[in-house]
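A.B. asks: Turn this into a model:
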Amino acid sequence: MDEIGPQQAEGKVMLHFSMSLDGFVAGPGHSMDWLAGVTGRDGVVEEYMATTGAVLGGRDGWDIDPTARPYGDWEGPVFVLTHHPEDAVPGEGVTFLNCGAAEAVRIGLEAAGGRNLEVFSPTIGRQLLELGLIDEINLHIAPVLLGDGIRFYDNPGGRPIRLRHAQGSTPFAEVDLRFRPHVEA
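C.D. replies: Numbers count the residues shown, from 1 in each chain. Model prediction:
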């Protein structure tokens, strides 16, 4: 399989997460402390900051830390999809939407101005996958097993969603990962 090339700003709708090896994108209560000490490849944050035009997230994640910004200090429009915008804690550059997921994508893509719309909610991501509105899934697998938390994709009884690699000559091949447990003293 070929190396993954740098992210491009192509007006894509992207489901994007760091994820534990066992499939969690947040710990219990949406905690993110499990990512402490985990590093990404050189330049990855700058790459996503340059290609992200807007962010779409969910209310549960927003309520945990309304001051948080994607990638630390990224500046751009953030949209939070909620059934109750009237009681949401306001934030600089944040718009609360009370509409369907497809309409939220339309609004987000328009605001992204030709750059990518990053979706930071597994629940919204599942809805958009079912609607065929996700162009690409970007996962950064962290070398940790959480055992509990918010799953990347949770759809009991739902149909499987087949994926293909975005690079390489074998788009339907498995991806092999090899880790060893780290025993802490």
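
A.B. asks: When you work out contacts or count neighbours from here on, use the C-alpha atoms and nothing else.
C.D. replies: Will do.

A.B. asks: does residue 103 count as helix, strand or coil?
C.D. replies: Classification of residue 103 by DSSP: H, G, I helix; E, B strand; the rest coil places it in helix.

A.B. asks: Name the residues that touch stretch 15-33?
C.D. replies: Counting by C-alpha atoms under 8 Å, 6 or more residues apart in numbering, the neighbours of stretch 15-33 from elsewhere in the structure are 34, 60-61, 64, 118-121, 125, 134, 136-153.

A.B. asks: Now a PyMOL select for only the buried ones of those.
C.D. replies: To isolate in PyMOL the members of the contacts of stretch 15-33 that are buried, counting by 16 or more other C-alpha atoms under 10 Å, one can use:
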select buried, resi 61+118+119+120+121+125+134+136+137+141+142+143+144+146+149+150+151+152
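
A.B. asks: Need the contact partners of stretch 92-108.
C.D. replies: Counting by C-alpha under 8 Å, 6+ apart, stretch 92-108 makes contact with 13, 54-56, 76-85, 88, 117, 124, 127-128, 131, 133, all of which sit outside it.

A.B. asks: mind running it again at 6 Å?
C.D. replies: The contact list for stretch 92-108 (C-alpha atoms under 6 Å, 6 or more residues apart in numbering) reads 77-83, 85.

A.B. asks: From one end of it to the other, what's the distance?
C.D. replies: End-to-end distance of stretch 92-108 (C-alpha to C-alpha, to the nearest Å): 16 Å.

A.B. asks: Quick check: buried residues in that stretch?
C.D. replies: In stretch 92-108, residues buried by neighbour count (16+ other C-alpha under 10 Å) are 94, 96-97, 101, 104-105, 107-108.

A.B. asks: same thing with stretch 153-166?
C.D. replies: Of all the residues in stretch 153-166, those buried under the rule 16+ other C-alpha under 10 Å are residue 165.

A.B. asks: Number the chain from 41, please
C.D. replies: Okay, residue one is now 41; in that scheme the one you just asked about reads as stretch 193-206.

A.B. asks: Could I get the average pLDDT for it?
C.D. replies: Per-residue pLDDT values across stretch 193-206 average out to 84.

A.B. asks: which residues touch that stretch?
C.D. replies: Contacting residues not belonging to stretch 193-206 are listed as 211-212 [C-alpha under 6 Å, 6+ apart].

A.B. asks: For that stretch, list the C-alpha coordinates in PDB.
C.D. replies: Backbone C-alpha positions of stretch 193-206 (Å, rounded to 0.1, in the frame of the first residue of the first chain) are rendered in PDB as follows:
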ATOM      1  CA  TYR A 193     -19.200   3.900  14.700                       C
ATOM      2  CA  ASP A 194     -22.100   2.400  16.700                       C
ATOM      3  CA  ASN A 195     -25.100   1.100  14.800                       C
ATOM      4  CA  PRO A 196     -26.500  -2.100  16.300                       C
ATOM      5  CA  GLY A 197     -28.700  -3.900  13.800                       C
ATOM      6  CA  GLY A 198     -27.600  -1.600  11.000                       C
ATOM      7  CA  ARG A 199     -26.200  -2.700   7.700                       C
ATOM      8  CA  PRO A 200     -22.400  -2.900   7.200                       C
ATOM      9  CA  ILE A 201     -20.900   0.100   5.400                       C
ATOM     10  CA  ARG A 202     -18.100  -1.100   3.000                       C
ATOM     11  CA  LEU A 203     -15.100   1.100   2.700                       C
ATOM     12  CA  ARG A 204     -12.100   1.300   0.300                       C
ATOM     13  CA  HIS A 205      -8.700   2.700   0.800                       C
ATOM     14  CA  ALA A 206      -8.100   6.200  -0.500                       C
END
